[in-house]
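Q: predicted coordinates and the sequence they were generated for:
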Amino acid sequence: MAVEEIGWKEEETVFVSGIGCSSRASGYIVTDSLHTTHGRALAFATGVKLSNPDLKVVVFTGDGDLAAIGGNHFIHACRRNIDITVICMNNQIYGMTGGQGSPTTPTGALSTTTPYGSKEPAFDLSELAVAAGANYVARWTSYHVKELTRAILAGLRTPGLSFIETMVQCPTNFGRRNKLRQVIDQVEYMKNHTVLRQKLDRLQESGQKIPADVIAIGEFIRRDRPAMGVRE
Amino acid sequence: MQGNIACAEGAIAAGCRFFGGYPITPSTEIAEHMAAKLPKVNGVFIQMEDELASMASIIGASWTGMRSMTATSGPGFSLMMENIGFAVMTETPCVVVDIQRGGPSTGQPTMGAQGDMMQCRFGSHGDYSVIALSPASVQEMYELTAKAFNLADEFRIPVFLMSDEIIGHMRERIDIPDQVPKVDRKPLQKGKLPFQADDDLIPGFPRFGQGYGVHVTGLTHDERGYPCATSPGLHEELVTRLVKKIESARDRIADYSITNPEAETVFISYGPPARSVEQVIRDLGRDDIGHLRLRVVWPFPESALRKFASAKRFLVPELNLGQMAREIERHVDQPVISIPKIGGNLHTPDELKRELEVLR
C-alpha cells in the first residue's frame, strides 16, 4: 500500500528478502525480487542498490534473519546508511523452522530451544539501528496498522537506511507456547503492552518505574546523515 | 606488473564495474587496485564487512546487469561457499578469484598453494558443476580473468579464477591488448519464462529494472522462478540442467596446451608447477616427455587426456597433496603419479627431473 501511494513504478522497485516466514513475502510481489540466503539480504541489497541507484530497494526480513545470523550485515547497512528500506517482521521466534528462540525472544518466554524459559536478554532492534546510524527508525505492531503504513511511507521517502520494525504475532510457534494461543490474544497483548516512546521517556524522567514487558513504539529517529546509494 | 594487478586490470578491461570484497592476504592488492581504478571508470567498489557479504553483494550487483567480481583466499573462500551455491542455483554470472595460500585454516597467509581445487569443485552443498581457470603467468592473470567474465556471462554461473600467491605476487612483463573479446549474457527473449532454458540449456538473463518482474530464489524453483521445493520431478529437472549446462559443454569450455602428444611419459599440470615442467622439457629436449597444461581445470577436460595416445604414465606435480591427480585417475587406466608439494615452495625443475630418473 505504501509503495503504491508513494508512486514507485513496478519496474524500478526490487524487493529483497532473507529466509523465514517474513522473507517469503518477496515471492508474492510482482516486482523484481531476490530471495536470498539466511541473514544476508542486506548484503545482496547493498550490491543491487550501489550498482543501480535508480532502483528502489525494499528488504523484508525477520528477527532471526536480521539480528542473529544477519546481525553484522544489519549493523553495517545502518552504518553505511544505504538508501534502502528495511522492514523487519519481529515475531520474537524462529517460526519457519518450528519455534526456536531468537535474539528477540523475551526473557522467560518458552520456545523449543528454551524449554525452561529463555535465559538471555532480548535485543532491542530499533535501538540498535539508531546506534548504528540509520536515518529513520520506527517500531509499530500489527495492531497499529495505520501508524505502521505511515511509518513505512516515511521510511520509503527518507534517504538513507530506513528501518521499520513491526512486532507481529505468530500464534503457531510463539503464541501457542506462551499462553497466547489465539491470534486475537497476541494482538491484544501488543495493544496493551505498547507505549509511545515519547510517553515512556516522560514517565522515566518523572521517576516512574516501567514494567519489563512494556514495548516502546513510535518513531525512534529521523535524521539526515549522509546516505550511500543515492543518485547524485 | 604484479599478477594480482594484472588480474584487476584484466577484469576492468573485460567490463567489470562492481567489486565487493574483503582484505585477505595474498589477494588484497586486487581489492586495492579496484578501489583506485573502478571509480575512474564509473564502477563501484565496496569493501564489505566480511566475505559472506562480499559474495552476496556481487550477486546483487550482477542482477542489475553489472559484471561483478570478488577476490579472496582460502579462509574467505570457505566463507563464500553458501552464497556461491546461491549463485549457481540462481544462475548468476560473476567471477570469484581465489589467490590460494597454504591451508587448512589460517595456514600460511604468504605462501602459495593449490589446496582449494577440490573445494572449488565441491565446496558448496548439493550437486552442481563449476567452471574454474588456472593461470600460470602474469599474462594469464590478465587474459584468463577477462575470459572468466565471458564464460560467466555465457553460462550464467560463477566462474573461479584459481590462482595462488606465487602467480599473484610475481612480477612479469605483459602485453596488454587494445581490446579483450567480450561475449555478453544473452537477454531474456519475449515470451520466454525467466528460468526457461534455450537449447543450450541456458536461460536468457532477465535483469532487474527492465520490468521482467523476475523472482530469484535459492529454493528449488520452476521455470517461472517461483519456489516448488516439494516437487521431486522439478528439483531433478532443475539440478540436472544446471549440471548438464556445464558438463555438456566440457569440450567447448576446455582450454589447454599440449607438448609432445606422442610421448610415453606425460606431465599434467596447471598453475605455477607448469612453469617448472616447461623448464624440464626445455632442458632435456626429449620428445618422449609430454606435457598437458590445463588453463581450464573444471569442468575437467578428459578429452585432452585422449590426445596422448601413447601415454604409459601421467605425472602430476601439484602444490597440494594430490587433488587433481585424484580426478585424473578416474579417467585413465595408466598409472597416475602424484608429485605433491606443500609448504609454499614450487617444485624445482631438478626435483621433477629426479622424478623422471626414478621412473627409468
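A: Done, it's in. Numbers count the residues shown, from 1 in each chain, chains lettered A, B, ... in the order given.
Q: what's in contact with stretch A:117-128?
A: Defining contact as Cβ atoms under 8 Å, 6 or more residues apart in numbering or on different chains, one finds that stretch A:117-128 is touched by A:63, A:66-67, A:74-75, A:78, A:88, A:90, A:92, A:101, A:103-111, A:137-139, A:163, A:165, A:216, A:220. Bear in mind the C-beta positions are built from the backbone N, C-alpha and C, glycine included.
Q: let's see that with 6 Å instead.
A: A:67, A:101, A:103-109, A:137, A:139, A:165, A:220 (Cβ atoms under 6 Å, 6 or more residues apart in numbering or on different chains).
Q: how about stretch B:31-41?
A: Against stretch B:31-41 from outside (Cβ under 6 Å, 6+ apart): B:5, B:8, B:12, B:19, B:21, B:45.
Q: list the buried ones in that stretch?
A: Using 16 or more other Cβ atoms under 10 Å in any protein chain shown as the test for burial, stretch B:31-41 gives B:31-34, B:37-38.
Q: likewise for stretch B:275-291?
A: Neighbour-count burial for stretch B:275-291, counted by 16+ other Cβ under 10 Å, picks out B:275-278, B:280-281, B:289-291.
Q: farthest pair within those?
A: The distance between the two most remote of the buried residues of stretch B:275-291 (Cβ to Cβ) is 16.4 Å, for B:275 and B:290.
Q: report the mean confidence score over the longest helix along chain A.
A: For chain A, the longest helix by residue count, based on DSSP state H, is helix A:145-157. On average, the pLDDT along helix A:145-157 is 94.
Q: next: stretch B:180-192.
A: 91.
Q: end to end, how far does it reach?
A: 31 Å (Cα to Cα, to the nearest Å).
Q: any residues of chain A in contact with chain B? List them.
A: A:11, A:14, A:27, A:30-35, A:37, A:40, A:43-44, A:46-48, A:50-52, A:55, A:72-73, A:76 (Cβ under 6 Å from any Cβ of the partner chain).
Q: try 7 Å
A: Residues of chain A lying close to chain B (Cβ under 7 Å from any Cβ of the partner chain) are A:10-12, A:14, A:26-27, A:30-37, A:40, A:43-48, A:50-52, A:55, A:72-73, A:76.
Q: just the buried members of those residues?
A: Among those, the ones that count as buried (16+ other Cβ under 10 Å) are A:11-12, A:14, A:26-27, A:31-37, A:40, A:43-48, A:50-52, A:55, A:72-73, A:76.
Q: now do whatever helix or strand residue B:304 lives in: everything it contacts.
A: Residue B:304 is part of helix B:302-306 when elements are defined by DSSP states H and E. Helix B:302-306 is contacted by residues B:251, B:254, B:256, B:292, B:331-332 when judged by Cβ atoms under 7 Å, 6 or more residues apart in numbering or on different chains.
Q: ok, now stretch A:59-76?
A: So stretch A:59-76 is contacted by A:15-23, A:25-26, A:38-43, A:45, A:84, A:86-92, A:94, A:102-104, A:123, A:125, A:132, B:49-50, B:53 (Cβ under 7 Å, 6+ apart).
Q: can we see that at 6 Å?
A: A:16-20, A:22-23, A:25-26, A:38-39, A:41-43, A:45, A:84, A:86-90, A:94, A:102-104, A:123, A:125, A:132, B:49, B:53.
Q: can I get stretch B:2-13 in CSV, CA atoms only?
A: Written as CSV, here are the backbone C-alpha positions of stretch B:2-13 (Å, rounded to 0.1, in the frame of the first residue of the first chain):
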residue,chain,number,x,y,z
GLN,B,2,52.3,-7.9,-10.5
GLY,B,3,50.0,-10.8,-11.0
ASN,B,4,47.2,-9.5,-8.8
ILE,B,5,47.3,-6.1,-10.5
ALA,B,6,47.1,-7.9,-13.9
CYS,B,7,44.1,-9.7,-12.7
ALA,B,8,42.3,-6.5,-11.7
GLU,B,9,43.3,-4.8,-15.0
GLY,B,10,42.0,-7.8,-17.0
ALA,B,11,38.7,-7.5,-15.1
ILE,B,12,38.3,-3.8,-15.8
ALA,B,13,39.3,-4.4,-19.5
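Q: contacts for that stretch, please.
A: B:29-30, B:33-34, B:37, B:69, B:138, B:141-142, B:145-146, B:167-168, B:170-171, B:174, B:180.
Q: so where's the longest helix in chain B?
A: From DSSP H, the single longest helix across chain B is helix B:138-155.
Q: what is the mean pLDDT for that helix?
A: pLDDT averaged over helix B:138-155 gives 98.
Q: which two in the contacts of stretch A:117-128 are spaced the farthest apart?
A: Of all pairs in the contacts of stretch A:117-128, the most separated under Cβ to Cβ is A:108 and A:137 at 26.2 Å.
Q: next, count neighbours for the closest residue to residue B:181 other than its chain neighbours.
A: Among residues not flanking residue B:181 along the chain, residue B:150 sits closest, at 6.8 Å (Cβ to Cβ, 6 or more residues apart in numbering or on different chains). Counted with other Cβ atoms under 10 Å in any protein chain shown, the neighbours of residue B:150 add up to 20.
Q: ok, and the residue of chain A found nearest chain B, which helix or strand is that part of?
A: Using Cβ to the nearest Cβ, residue A:47 is the residue of chain A that sits closest to chain B, at 2.7 Å. Per DSSP H and E: residue A:47 is located in helix A:41-51.
Q: next SSE after that helix?
A: Past helix A:41-51, the next helix or strand by DSSP H and E is strand A:56-62.
Q: and the helices in the chain?
A: With no chain named, the answer covers chain A. Counting by DSSP H, chain A has these helices, from start to end: A:2-6, A:41-51, A:63, A:71-80, A:125-132, A:145-157, A:183-193, A:197-205.
Q: the chain in question should be chain B.
A: B:3-13, B:28-37, B:51-63, B:74-89, B:117-122, B:138-155, B:165-169, B:232-247, B:250-253, B:273-284, B:302-306, B:323-331, B:349-359.
Q: send me the third one as CSV with only the CA atoms.
A: I take that to be helix B:51-63. Taking C-alpha atoms only, helix B:51-63 is exported to CSV below (Å, rounded to 0.1, in the frame of the first residue of the first chain):
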residue,chain,number,x,y,z
GLU,B,51,33.4,-12.4,2.7
LEU,B,52,29.8,-13.7,3.0
ALA,B,53,28.7,-10.1,2.4
SER,B,54,31.2,-9.7,-0.4
MET,B,55,29.8,-12.7,-2.3
ALA,B,56,26.3,-11.5,-1.6
SER,B,57,27.0,-8.0,-2.9
ILE,B,58,28.4,-9.2,-6.2
ILE,B,59,25.4,-11.4,-6.8
GLY,B,60,23.1,-8.4,-6.1
ALA,B,61,25.1,-6.2,-8.5
SER,B,62,25.1,-8.9,-11.2
TRP,B,63,21.3,-8.9,-11.2
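Q: residues making contact with it?
A: Here helix B:51-63 has contacts from A:40, A:43-44, A:46-48, A:51, A:73, B:18, B:20-22, B:48, B:68, B:70, B:72, B:76, B:79-80, B:83, B:87, B:92-94, B:208, using Cβ under 6 Å, 6+ apart.
Q: tell me the mean pLDDT for that helix?
A: 98.
Q: got phi/psi on residue A:54?
A: As for residue A:54, its main-chain torsions (degrees, to the nearest 10) stand at phi -80, psi -20.
Q: measure it to residue A:12 for me?
A: The gap separating residue A:54 from residue A:12 is 6 Å, by Cβ to Cβ, to the nearest Å.
Q: check residue B:34 too.
A: In terms of Cβ to Cβ, residue B:34 sits 28 Å off from residue A:12.
Q: ok, residue A:89 next?
A: From residue A:89 to residue A:12 the distance is 24 Å (Cβ to Cβ).
Q: quick revisit: hmm, which of the contacts of helix B:302-306 are the buried ones?
A: Buried among these (16+ other Cβ under 10 Å): B:254, B:256, B:292, B:332.
Q: and the lowest-mean-pLDDT helix or strand in chain A, how far out from the chain middle?
A: Every helix and strand in chain A was compared by mean pLDDT, DSSP states H and E; the lowest is helix A:2-6, with a mean of 78. Remark: helix A:2-6 is offset 19 Å from the chain centroid, using Cα atoms, centre = their mean, to the nearest Å.
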